[in-house]
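Colleague: kindly return the folded structure for what I paste below:
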Amino acid sequence: MKKTIAAFFLLLVTTIAYAQQVSPEQAAKTKDSLNKILAVTTSPLQRFNIINKLLLNINGFSGGVDSALCIRQLQIAEQLQSDSLLGTAYNWIGTYFSLNKGDNTTAMEYFFKGIPFAEKANDKRRISSLYFDLSLVYINLQNNDELLKYTRKGGENLPPASHPLYSFMLAQYLRGMTAYFIRNNQPDSALHYALAAEENSPKANSLVFEFAAHRLTGAAYSLAGEKQLAEIFYNKALVLKKQIRSNAEILRFNFDYVPYLLKDNRVKEARDQAAELLELGREFNNNNLKLAGAGYMQQVFDSLHNTDSAYYYSRMEAGINAQIFSQNNINKMQALVFNDQIRIIEEEARKAKEDQQRKENIQYALIALGIIILLTLYLLLSRSFITNTKLIEFFGVVALLIVFEFLNLLLHPFLERITNHSPVLMLLALVCIAALLVPLHHKVEKWATAKLVEKNKKIRLAAAKKTIEQLENNKNS
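Modeller: Model prediction:
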(Lines give C-alpha, C1' and ligand atoms only; values in the text may rest on other atoms or scores of the structure.)
Protein backbone atom coordinates (compact mmCIF):
# COMPACT_ATOMS: atom_id res chain seq x y z
CA MET A 1 0.00 0.00 0.00
CA LYS A 2 2.89 2.36 0.80
CA LYS A 3 4.11 1.82 -2.76
CA THR A 4 0.65 2.59 -4.15
CA ILE A 5 0.33 5.80 -2.13
CA ALA A 6 3.83 6.91 -3.11
CA ALA A 7 3.08 6.09 -6.73
CA PHE A 8 -0.10 8.13 -6.65
CA PHE A 9 1.63 11.24 -5.35
CA LEU A 10 4.56 10.86 -7.74
CA LEU A 11 2.22 10.55 -10.71
CA LEU A 12 0.12 13.44 -9.43
CA VAL A 13 3.13 15.74 -9.24
CA THR A 14 4.25 14.53 -12.66
CA THR A 15 0.94 15.26 -14.33
CA ILE A 16 0.67 18.70 -12.76
CA ALA A 17 4.19 19.53 -13.91
CA TYR A 18 3.37 18.58 -17.50
CA ALA A 19 -0.20 19.83 -17.65
CA GLN A 20 1.07 22.97 -19.38
CA GLN A 21 3.14 22.30 -22.48
CA VAL A 22 6.51 23.95 -22.94
CA SER A 23 8.37 24.65 -26.17
CA PRO A 24 9.73 21.77 -28.32
CA GLU A 25 13.29 22.92 -27.54
CA GLN A 26 12.64 22.75 -23.81
CA ALA A 27 10.94 19.37 -24.30
CA ALA A 28 14.02 18.01 -26.08
CA LYS A 29 16.26 19.15 -23.22
CA THR A 30 13.84 17.63 -20.71
CA LYS A 31 13.84 14.32 -22.61
CA ASP A 32 17.66 14.15 -22.55
CA SER A 33 17.76 14.98 -18.84
CA LEU A 34 15.12 12.38 -17.99
CA ASN A 35 16.92 9.68 -19.98
CA LYS A 36 20.15 10.42 -18.09
CA ILE A 37 18.33 10.22 -14.75
CA LEU A 38 16.58 6.99 -15.82
CA ALA A 39 19.93 5.38 -16.68
CA VAL A 40 21.22 5.75 -13.11
CA THR A 41 17.97 5.21 -11.19
CA THR A 42 17.48 1.81 -9.54
CA SER A 43 14.27 2.26 -7.55
CA PRO A 44 11.40 0.65 -9.57
CA LEU A 45 8.89 3.24 -8.40
CA GLN A 46 11.14 6.14 -9.32
CA ARG A 47 11.87 4.54 -12.71
CA PHE A 48 8.11 4.25 -13.33
CA ASN A 49 7.71 7.92 -12.47
CA ILE A 50 10.53 8.99 -14.82
CA ILE A 51 9.11 6.85 -17.64
CA ASN A 52 5.72 8.48 -17.09
CA LYS A 53 7.37 11.90 -17.46
CA LEU A 54 9.08 10.75 -20.64
CA LEU A 55 5.81 9.47 -22.11
CA LEU A 56 4.11 12.77 -21.34
CA ASN A 57 7.02 14.67 -22.87
CA ILE A 58 7.18 12.56 -26.05
CA ASN A 59 3.40 12.45 -26.53
CA GLY A 60 3.17 16.22 -26.24
CA PHE A 61 5.93 17.03 -28.70
CA SER A 62 6.32 14.25 -31.23
CA GLY A 63 2.68 13.33 -31.72
CA GLY A 64 3.19 9.75 -30.61
CA VAL A 65 3.94 7.38 -27.74
CA ASP A 66 7.15 5.33 -27.32
CA SER A 67 6.12 1.64 -27.24
CA ALA A 68 9.39 0.55 -25.60
CA LEU A 69 8.73 2.90 -22.69
CA CYS A 70 5.18 1.51 -22.38
CA ILE A 71 6.56 -2.03 -22.08
CA ARG A 72 9.11 -1.01 -19.44
CA GLN A 73 6.42 0.82 -17.51
CA LEU A 74 4.11 -2.20 -17.55
CA GLN A 75 6.95 -4.48 -16.37
CA ILE A 76 7.55 -2.22 -13.34
CA ALA A 77 3.82 -2.05 -12.55
CA GLU A 78 3.63 -5.87 -12.68
CA GLN A 79 6.74 -6.15 -10.50
CA LEU A 80 5.29 -3.81 -7.84
CA GLN A 81 1.79 -5.31 -8.18
CA SER A 82 0.27 -1.85 -7.85
CA ASP A 83 -3.28 -1.39 -9.12
CA SER A 84 -2.74 2.33 -9.62
CA LEU A 85 0.42 1.80 -11.66
CA LEU A 86 -1.14 -0.99 -13.72
CA GLY A 87 -4.09 1.26 -14.58
CA THR A 88 -1.66 3.96 -15.71
CA ALA A 89 0.48 1.53 -17.74
CA TYR A 90 -2.50 0.07 -19.61
CA ASN A 91 -3.79 3.60 -20.25
CA TRP A 92 -0.49 4.48 -21.98
CA ILE A 93 -0.46 1.27 -24.03
CA GLY A 94 -3.98 2.00 -25.24
CA THR A 95 -2.90 5.54 -26.08
CA TYR A 96 0.03 4.15 -28.08
CA PHE A 97 -2.28 2.02 -30.26
CA SER A 98 -4.78 4.86 -30.61
CA LEU A 99 -2.35 7.67 -31.47
CA ASN A 100 0.57 5.91 -33.13
CA LYS A 101 -1.18 3.16 -35.03
CA GLY A 102 -4.76 4.31 -35.37
CA ASP A 103 -5.60 0.80 -34.16
CA ASN A 104 -8.89 1.58 -32.45
CA THR A 105 -9.71 -2.03 -31.55
CA THR A 106 -6.46 -2.76 -29.71
CA ALA A 107 -6.58 0.65 -28.05
CA MET A 108 -10.03 -0.15 -26.66
CA GLU A 109 -8.77 -3.53 -25.43
CA TYR A 110 -6.09 -1.91 -23.26
CA PHE A 111 -8.31 0.92 -22.05
CA PHE A 112 -10.89 -1.64 -20.86
CA LYS A 113 -8.06 -3.66 -19.30
CA GLY A 114 -6.91 -0.66 -17.28
CA ILE A 115 -10.33 0.29 -15.87
CA PRO A 116 -10.63 -2.52 -13.24
CA PHE A 117 -7.16 -1.71 -11.86
CA ALA A 118 -7.96 2.00 -11.62
CA GLU A 119 -11.24 1.13 -9.88
CA LYS A 120 -9.48 -1.12 -7.35
CA ALA A 121 -7.10 1.73 -6.55
CA ASN A 122 -10.10 4.13 -6.40
CA ASP A 123 -8.06 6.41 -8.66
CA LYS A 124 -10.75 8.76 -10.00
CA ARG A 125 -8.22 10.69 -12.06
CA ARG A 126 -7.20 7.51 -13.90
CA ILE A 127 -10.75 6.08 -14.19
CA SER A 128 -12.02 9.28 -15.81
CA SER A 129 -8.95 9.39 -18.07
CA LEU A 130 -9.58 5.87 -19.37
CA TYR A 131 -13.24 6.61 -20.11
CA PHE A 132 -12.38 9.90 -21.83
CA ASP A 133 -9.78 8.10 -23.96
CA LEU A 134 -12.41 5.53 -24.93
CA SER A 135 -14.71 8.37 -25.98
CA LEU A 136 -11.96 9.72 -28.25
CA VAL A 137 -11.70 6.32 -29.94
CA TYR A 138 -15.40 6.59 -30.75
CA ILE A 139 -14.84 10.04 -32.27
CA ASN A 140 -12.46 8.32 -34.71
CA LEU A 141 -15.08 5.65 -35.34
CA GLN A 142 -17.78 8.33 -35.86
CA ASN A 143 -20.01 6.67 -33.29
CA ASN A 144 -21.78 9.53 -31.51
CA ASP A 145 -23.82 7.41 -29.12
CA GLU A 146 -20.75 5.70 -27.67
CA LEU A 147 -18.88 9.03 -27.64
CA LEU A 148 -21.62 10.42 -25.37
CA LYS A 149 -21.78 7.26 -23.25
CA TYR A 150 -18.09 7.20 -22.34
CA THR A 151 -17.80 10.97 -22.00
CA ARG A 152 -20.57 10.83 -19.41
CA LYS A 153 -18.92 7.89 -17.66
CA GLY A 154 -15.73 9.92 -17.45
CA GLY A 155 -17.73 12.84 -16.08
CA GLU A 156 -19.32 10.62 -13.44
CA ASN A 157 -15.85 9.61 -12.27
CA LEU A 158 -14.19 13.02 -12.14
CA PRO A 159 -11.91 13.54 -9.13
CA PRO A 160 -13.32 15.87 -6.42
CA ALA A 161 -13.23 19.62 -7.08
CA SER A 162 -10.45 19.96 -4.48
CA HIS A 163 -8.19 17.65 -6.53
CA PRO A 164 -5.26 19.47 -8.23
CA LEU A 165 -6.18 17.92 -11.59
CA TYR A 166 -9.94 18.51 -11.39
CA SER A 167 -9.95 21.31 -14.01
CA PHE A 168 -7.58 19.29 -16.20
CA MET A 169 -10.00 16.34 -16.23
CA LEU A 170 -13.08 18.59 -16.46
CA ALA A 171 -11.62 20.03 -19.68
CA GLN A 172 -11.74 16.54 -21.20
CA TYR A 173 -15.38 16.11 -20.19
CA LEU A 174 -16.36 19.48 -21.70
CA ARG A 175 -14.41 18.66 -24.87
CA GLY A 176 -16.27 15.38 -25.32
CA MET A 177 -19.72 16.86 -24.64
CA THR A 178 -19.14 19.74 -27.07
CA ALA A 179 -17.93 17.34 -29.76
CA TYR A 180 -21.04 15.20 -29.31
CA PHE A 181 -23.50 18.07 -29.72
CA ILE A 182 -21.59 19.48 -32.71
CA ARG A 183 -21.77 16.09 -34.43
CA ASN A 184 -25.46 15.82 -33.53
CA ASN A 185 -26.18 19.26 -35.01
CA GLN A 186 -27.38 20.81 -31.74
CA PRO A 187 -25.80 24.30 -31.74
CA ASP A 188 -27.34 25.57 -28.49
CA SER A 189 -26.06 22.66 -26.41
CA ALA A 190 -22.73 22.69 -28.28
CA LEU A 191 -22.25 26.39 -27.48
CA HIS A 192 -23.14 25.82 -23.83
CA TYR A 193 -20.37 23.27 -23.37
CA ALA A 194 -17.92 25.06 -25.68
CA LEU A 195 -18.15 28.31 -23.71
CA ALA A 196 -17.80 26.34 -20.47
CA ALA A 197 -14.63 24.80 -21.96
CA GLU A 198 -13.35 28.30 -22.83
CA GLU A 199 -13.94 29.41 -19.23
CA ASN A 200 -12.28 26.30 -17.78
CA SER A 201 -9.24 26.12 -20.10
CA PRO A 202 -7.08 28.65 -18.15
CA LYS A 203 -7.68 26.59 -14.99
CA ALA A 204 -6.73 23.38 -16.84
CA ASN A 205 -3.33 24.98 -17.48
CA SER A 206 -2.90 23.12 -20.78
CA LEU A 207 -2.14 24.41 -24.26
CA VAL A 208 -3.89 21.38 -25.76
CA PHE A 209 -7.17 22.10 -23.99
CA GLU A 210 -6.98 25.81 -24.79
CA PHE A 211 -6.53 24.83 -28.45
CA ALA A 212 -9.44 22.35 -28.21
CA ALA A 213 -11.71 24.94 -26.58
CA HIS A 214 -11.03 27.49 -29.37
CA ARG A 215 -11.62 25.08 -32.25
CA LEU A 216 -14.78 23.62 -30.67
CA THR A 217 -16.17 27.09 -29.95
CA GLY A 218 -15.46 27.99 -33.57
CA ALA A 219 -17.27 24.86 -34.73
CA ALA A 220 -20.23 25.55 -32.42
CA TYR A 221 -20.58 29.13 -33.68
CA SER A 222 -20.31 27.89 -37.26
CA LEU A 223 -23.10 25.41 -36.58
CA ALA A 224 -25.19 28.23 -35.12
CA GLY A 225 -24.65 30.32 -38.27
CA GLU A 226 -22.43 32.88 -36.50
CA LYS A 227 -19.69 32.99 -39.13
CA GLN A 228 -17.81 36.03 -37.76
CA LEU A 229 -17.57 34.58 -34.26
CA ALA A 230 -16.62 31.19 -35.72
CA GLU A 231 -13.79 32.82 -37.69
CA ILE A 232 -12.49 34.57 -34.56
CA PHE A 233 -12.20 31.33 -32.59
CA TYR A 234 -10.86 29.30 -35.49
CA ASN A 235 -8.13 31.93 -35.96
CA LYS A 236 -7.26 31.65 -32.25
CA ALA A 237 -6.99 27.88 -32.71
CA LEU A 238 -4.80 28.28 -35.80
CA VAL A 239 -2.34 30.42 -33.83
CA LEU A 240 -2.01 27.69 -31.19
CA LYS A 241 -1.92 24.91 -33.80
CA LYS A 242 1.64 25.95 -34.70
CA GLN A 243 2.72 24.90 -31.20
CA ILE A 244 0.68 21.68 -31.03
CA ARG A 245 2.52 18.43 -31.80
CA SER A 246 -0.28 16.04 -30.90
CA ASN A 247 -1.48 14.21 -34.02
CA ALA A 248 -4.75 13.37 -32.32
CA GLU A 249 -5.52 17.04 -31.63
CA ILE A 250 -4.62 18.02 -35.20
CA LEU A 251 -6.93 15.26 -36.48
CA ARG A 252 -9.82 16.41 -34.28
CA PHE A 253 -9.19 20.03 -35.30
CA ASN A 254 -9.58 19.11 -38.98
CA PHE A 255 -12.73 17.09 -38.29
CA ASP A 256 -14.36 20.47 -37.70
CA TYR A 257 -12.20 22.90 -39.66
CA VAL A 258 -11.96 21.27 -43.10
CA PRO A 259 -15.77 20.99 -43.55
CA TYR A 260 -15.98 24.63 -42.44
CA LEU A 261 -13.44 25.65 -45.11
CA LEU A 262 -15.16 23.63 -47.85
CA LYS A 263 -18.51 25.12 -46.91
CA ASP A 264 -16.92 28.59 -47.22
CA ASN A 265 -15.41 27.63 -50.60
CA ARG A 266 -11.85 28.01 -49.29
CA VAL A 267 -10.66 25.01 -51.24
CA LYS A 268 -6.92 25.70 -51.18
CA GLU A 269 -6.85 26.00 -47.37
CA ALA A 270 -8.93 22.83 -47.09
CA ARG A 271 -6.50 21.03 -49.39
CA ASP A 272 -3.52 22.14 -47.28
CA GLN A 273 -5.13 20.80 -44.12
CA ALA A 274 -6.08 17.49 -45.79
CA ALA A 275 -2.57 17.08 -47.21
CA GLU A 276 -1.12 17.63 -43.72
CA LEU A 277 -3.30 14.82 -42.37
CA LEU A 278 -2.19 12.45 -45.12
CA GLU A 279 1.46 13.30 -44.55
CA LEU A 280 1.16 12.70 -40.80
CA GLY A 281 -0.73 9.46 -41.44
CA ARG A 282 2.01 8.14 -43.70
CA GLU A 283 4.77 9.29 -41.34
CA PHE A 284 3.27 7.50 -38.34
CA ASN A 285 1.48 4.76 -40.33
CA ASN A 286 -1.75 5.89 -38.66
CA ASN A 287 -4.97 4.76 -40.33
CA ASN A 288 -7.15 7.35 -38.58
CA LEU A 289 -5.07 10.20 -40.00
CA LYS A 290 -4.85 8.62 -43.46
CA LEU A 291 -8.60 7.95 -43.58
CA ALA A 292 -9.50 11.55 -42.72
CA GLY A 293 -6.86 12.95 -45.08
CA ALA A 294 -7.99 10.80 -48.02
CA GLY A 295 -11.66 11.62 -47.38
CA TYR A 296 -11.03 15.35 -47.31
CA MET A 297 -8.79 15.21 -50.40
CA GLN A 298 -11.59 13.44 -52.25
CA GLN A 299 -14.01 16.23 -51.24
CA VAL A 300 -11.50 18.89 -52.29
CA PHE A 301 -11.04 17.42 -55.79
CA ASP A 302 -14.78 16.85 -56.10
CA SER A 303 -15.30 20.56 -55.51
CA LEU A 304 -12.65 21.30 -58.17
CA HIS A 305 -14.38 18.87 -60.57
CA ASN A 306 -11.13 16.89 -60.89
CA THR A 307 -12.71 13.46 -61.23
CA ASP A 308 -9.49 11.46 -61.64
CA SER A 309 -7.93 12.72 -58.43
CA ALA A 310 -11.26 12.54 -56.60
CA TYR A 311 -11.60 8.88 -57.69
CA TYR A 312 -8.03 8.10 -56.61
CA TYR A 313 -8.59 9.43 -53.11
CA SER A 314 -12.02 7.84 -52.97
CA ARG A 315 -10.42 4.44 -53.60
CA MET A 316 -7.77 5.18 -50.97
CA GLU A 317 -10.45 6.15 -48.45
CA ALA A 318 -12.46 3.00 -49.18
CA GLY A 319 -9.41 0.77 -48.67
CA ILE A 320 -8.48 2.35 -45.33
CA ASN A 321 -12.12 2.38 -44.27
CA ALA A 322 -12.34 -1.35 -44.96
CA GLN A 323 -9.35 -1.97 -42.69
CA ILE A 324 -10.72 0.11 -39.80
CA PHE A 325 -14.32 -1.04 -40.04
CA SER A 326 -13.71 -4.68 -40.98
CA GLN A 327 -16.22 -7.16 -39.59
CA ASN A 328 -13.50 -8.74 -37.49
CA ASN A 329 -12.69 -5.41 -35.84
CA ILE A 330 -16.35 -4.63 -35.29
CA ASN A 331 -16.93 -8.04 -33.69
CA LYS A 332 -13.91 -7.59 -31.44
CA MET A 333 -15.04 -4.11 -30.35
CA GLN A 334 -18.51 -5.37 -29.56
CA ALA A 335 -17.01 -8.25 -27.57
CA LEU A 336 -14.84 -5.84 -25.57
CA VAL A 337 -17.83 -3.64 -24.71
CA PHE A 338 -19.95 -6.69 -23.87
CA ASN A 339 -17.23 -8.16 -21.62
CA ASP A 340 -16.91 -4.86 -19.77
CA GLN A 341 -20.68 -4.74 -19.25
CA ILE A 342 -20.58 -8.30 -17.87
CA ARG A 343 -17.69 -7.32 -15.57
CA ILE A 344 -19.69 -4.36 -14.22
CA ILE A 345 -22.80 -6.51 -13.66
CA GLU A 346 -20.79 -9.23 -11.89
CA GLU A 347 -18.98 -6.65 -9.76
CA GLU A 348 -22.27 -5.03 -8.74
CA ALA A 349 -23.75 -8.45 -7.93
CA ARG A 350 -20.68 -9.34 -5.83
CA LYS A 351 -20.88 -6.07 -3.91
CA ALA A 352 -24.62 -6.51 -3.34
CA LYS A 353 -24.02 -10.05 -2.01
CA GLU A 354 -21.23 -8.83 0.28
CA ASP A 355 -23.42 -5.99 1.57
CA GLN A 356 -26.28 -8.40 2.30
CA GLN A 357 -23.93 -10.83 4.04
CA ARG A 358 -22.44 -8.01 6.11
CA LYS A 359 -25.93 -6.81 7.15
CA GLU A 360 -26.83 -10.33 8.26
CA ASN A 361 -23.57 -10.69 10.20
CA ILE A 362 -24.20 -7.34 11.91
CA GLN A 363 -27.67 -8.55 12.95
CA TYR A 364 -26.21 -11.81 14.31
CA ALA A 365 -23.58 -9.86 16.23
CA LEU A 366 -26.24 -7.57 17.72
CA ILE A 367 -28.38 -10.57 18.73
CA ALA A 368 -25.41 -12.28 20.39
CA LEU A 369 -24.40 -9.06 22.13
CA GLY A 370 -27.97 -8.56 23.32
CA ILE A 371 -28.07 -12.07 24.79
CA ILE A 372 -24.76 -11.57 26.60
CA ILE A 373 -25.84 -8.19 27.99
CA LEU A 374 -29.21 -9.53 29.17
CA LEU A 375 -27.58 -12.57 30.79
CA THR A 376 -24.99 -10.38 32.49
CA LEU A 377 -27.66 -7.99 33.76
CA TYR A 378 -29.69 -10.93 35.04
CA LEU A 379 -26.68 -12.25 36.94
CA LEU A 380 -25.97 -8.78 38.33
CA LEU A 381 -29.55 -8.01 39.36
CA SER A 382 -30.74 -11.45 40.41
CA ARG A 383 -31.23 -11.73 44.16
CA SER A 384 -31.91 -15.43 44.17
CA PHE A 385 -28.40 -16.90 43.98
CA ILE A 386 -24.73 -16.02 44.37
CA THR A 387 -22.74 -15.61 41.12
CA ASN A 388 -19.04 -16.35 40.68
CA THR A 389 -17.03 -13.28 39.55
CA LYS A 390 -15.14 -15.50 37.06
CA LEU A 391 -18.41 -15.96 35.19
CA ILE A 392 -18.83 -12.20 34.85
CA GLU A 393 -15.24 -11.88 33.61
CA PHE A 394 -15.90 -14.58 31.02
CA PHE A 395 -19.06 -12.90 29.76
CA GLY A 396 -17.18 -9.59 29.70
CA VAL A 397 -14.50 -11.01 27.39
CA VAL A 398 -17.14 -12.54 25.12
CA ALA A 399 -19.01 -9.22 25.00
CA LEU A 400 -15.79 -7.39 24.15
CA LEU A 401 -15.10 -9.75 21.26
CA ILE A 402 -18.66 -9.39 19.96
CA VAL A 403 -18.50 -5.57 20.15
CA PHE A 404 -15.17 -5.61 18.32
CA GLU A 405 -16.57 -7.87 15.59
CA PHE A 406 -19.68 -5.69 15.32
CA LEU A 407 -17.56 -2.56 14.83
CA ASN A 408 -15.37 -4.39 12.33
CA LEU A 409 -18.41 -5.39 10.26
CA LEU A 410 -19.93 -1.93 10.52
CA LEU A 411 -16.78 0.01 9.63
CA HIS A 412 -15.26 -2.43 7.13
CA PRO A 413 -16.48 -0.67 3.92
CA PHE A 414 -15.35 2.71 5.28
CA LEU A 415 -11.94 1.33 6.28
CA GLU A 416 -11.49 -0.30 2.88
CA ARG A 417 -12.25 3.00 1.20
CA ILE A 418 -9.88 5.18 3.23
CA THR A 419 -7.05 2.59 3.33
CA ASN A 420 -7.42 1.59 -0.33
CA HIS A 421 -7.82 -2.10 0.63
CA SER A 422 -4.41 -2.22 2.33
CA PRO A 423 -4.25 -5.13 4.84
CA VAL A 424 -1.55 -3.38 6.87
CA LEU A 425 -3.47 -0.11 7.23
CA MET A 426 -6.73 -1.92 7.94
CA LEU A 427 -5.02 -3.96 10.67
CA LEU A 428 -3.59 -0.76 12.13
CA ALA A 429 -7.06 0.82 12.16
CA LEU A 430 -8.53 -2.22 13.92
CA VAL A 431 -5.72 -2.16 16.49
CA CYS A 432 -6.59 1.49 17.22
CA ILE A 433 -10.24 0.54 17.70
CA ALA A 434 -9.21 -2.29 20.04
CA ALA A 435 -6.97 0.13 21.95
CA LEU A 436 -10.04 2.25 22.65
CA LEU A 437 -12.28 -0.71 23.54
CA VAL A 438 -9.96 -2.52 25.97
CA PRO A 439 -9.75 0.29 28.60
CA LEU A 440 -13.52 0.76 28.33
CA HIS A 441 -13.97 -2.98 28.81
CA HIS A 442 -11.77 -2.93 31.92
CA LYS A 443 -13.82 -0.10 33.43
CA VAL A 444 -17.12 -1.85 32.72
CA GLU A 445 -15.74 -5.15 34.03
CA LYS A 446 -14.48 -3.46 37.21
CA TRP A 447 -17.87 -1.82 37.73
CA ALA A 448 -19.74 -5.09 37.08
CA THR A 449 -17.43 -7.03 39.44
CA ALA A 450 -17.92 -4.45 42.17
CA LYS A 451 -21.69 -4.61 41.72
CA LEU A 452 -21.56 -8.40 41.78
CA VAL A 453 -19.49 -8.50 44.98
CA GLU A 454 -21.87 -6.04 46.59
CA LYS A 455 -24.85 -8.10 45.48
CA ASN A 456 -23.26 -11.35 46.76
CA LYS A 457 -22.60 -9.70 50.14
CA LYS A 458 -26.21 -8.61 50.38
CA ILE A 459 -27.41 -12.11 49.48
CA ARG A 460 -25.06 -13.70 52.03
CA LEU A 461 -26.07 -11.14 54.67
CA ALA A 462 -29.73 -11.75 53.99
CA ALA A 463 -29.18 -15.52 54.15
CA ALA A 464 -27.25 -15.14 57.43
CA LYS A 465 -30.01 -13.00 58.98
CA LYS A 466 -32.58 -15.52 57.90
CA THR A 467 -30.57 -18.36 59.46
CA ILE A 468 -30.15 -16.42 62.73
CA GLU A 469 -33.87 -15.68 62.83
CA GLN A 470 -34.67 -19.37 62.31
CA LEU A 471 -32.23 -20.38 65.06
CA GLU A 472 -33.75 -17.85 67.47
CA ASN A 473 -37.24 -19.05 66.66
CA ASN A 474 -36.23 -22.66 67.25
CA LYS A 475 -34.59 -21.65 70.57
CA ASN A 476 -37.66 -19.76 71.75
CA SER A 477 -39.95 -22.61 70.86
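
Colleague: where do the helices sit along the stretch 201-350 of the chain?
Modeller: 207-223, 227-241, 247-263, 267-284, 287-303, 307-324, 327-381 (DSSP state H, counting those that start in this stretch).

Colleague: tell me the pLDDT at Met108?
Modeller: Predicted confidence (pLDDT) for Met108: 92.

Colleague: next SSE downstream of the helix or strand harbouring it?
Modeller: Secondary structure assignment for Met108, by DSSP states H and E: helix 104-120. The helix or strand immediately downstream of helix 104-120 is helix 124-140, counting by DSSP H and E.

Colleague: buried residues of that next one, list them for me.
Modeller: Residues 124-140 are the ones in helix 124-140 that count as buried (16 or more other Cβ atoms under 10 Å). Yep, even glycine has a C-beta here, placed from its N, CA and C like the rest.

Colleague: so what does the helix or strand that that helix is followed by touch, helix or strand wise?
Modeller: For helix 124-140, the following helix or strand on the C-terminal side (DSSP H and E) is helix 144-156. Secondary-structure packing of helix 144-156 (3 or more Cβ pairs under 8 Å, 6 or more residues apart in numbering; DSSP states H and E): helix 124-140, helix 166-183.

Colleague: got the angle for the shortest one vs helix 247-263?
Modeller: When axes from the mean of the first three to the mean of the last three Cα atoms, to 10 degrees is applied, the directions of helix 124-140 and helix 247-263 differ by 40 degrees.

Colleague: run through the neighbouring helices and strands of helix 124-140.
Modeller: For helix 124-140, the packing partners by 3+ Cβ pairs under 8 Å, 6+ apart come out as helix 83-95, helix 104-120, helix 144-156, helix 166-183, helix 247-263.

Colleague: got those as JSON lines, with distance to Ile344 columns?
Modeller: Output for the helices and strands packed on helix 124-140, formatted as JSON lines (distance: least, Cβ to Cβ, whole Å):
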{"stretch": "helix 83-95", "distance to Ile344": "16"}
{"stretch": "helix 104-120", "distance to Ile344": "9"}
{"stretch": "helix 144-156", "distance to Ile344": "10"}
{"stretch": "helix 166-183", "distance to Ile344": "20"}
{"stretch": "helix 247-263", "distance to Ile344": "27"}
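
Colleague: need those in a markdown table (columns: mean neighbour count).
Modeller: Below are the helices and strands packed on helix 124-140 laid out as a markdown table (neighbours: other Cβ atoms under 10 Å):
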| stretch | mean neighbour count |
| --- | --- |
| helix 83-95 | 25 |
| helix 104-120 | 21 |
| helix 144-156 | 18 |
| helix 166-183 | 24 |
| helix 247-263 | 21 |
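
Colleague: tell me which of these approaches Phe211 most closely.
Modeller: Phe211 lies closest to helix 247-263 among the helices and strands packed on helix 124-140, at 6.3 Å (Cβ to Cβ).

Colleague: quick one: distance of the closest one to the chain centre.
Modeller: 30 Å (Cα atoms, centre = their mean, to the nearest Å).

Colleague: what sits up against it?
Modeller: When contacts are defined by Cβ atoms under 8 Å, 6 or more residues apart in numbering, helix 247-263 is touched by residues 63-64, 98-99, 136, 139-140, 179, 182, 208, 211-212, 215-216, 218-219, 222, 230, 234, 237, 241, 244, 267, 269-270, 273-274, 276-277, 280, 284, 286, 288-289, 292, 296, 299-300, 303.

Colleague: how does it look with 6 Å?
Modeller: 63, 99, 208, 215, 219, 222, 269-270, 273, 277, 280, 289, 292, 296, 299 (Cβ atoms under 6 Å, 6 or more residues apart in numbering).

Colleague: cool, and stretch 96-114?
Modeller: 64-65, 67, 70, 87, 90-91, 93-94, 130, 133-134, 137, 140-141, 248, 284, 286-288, 329, 332-333, 336, 340.
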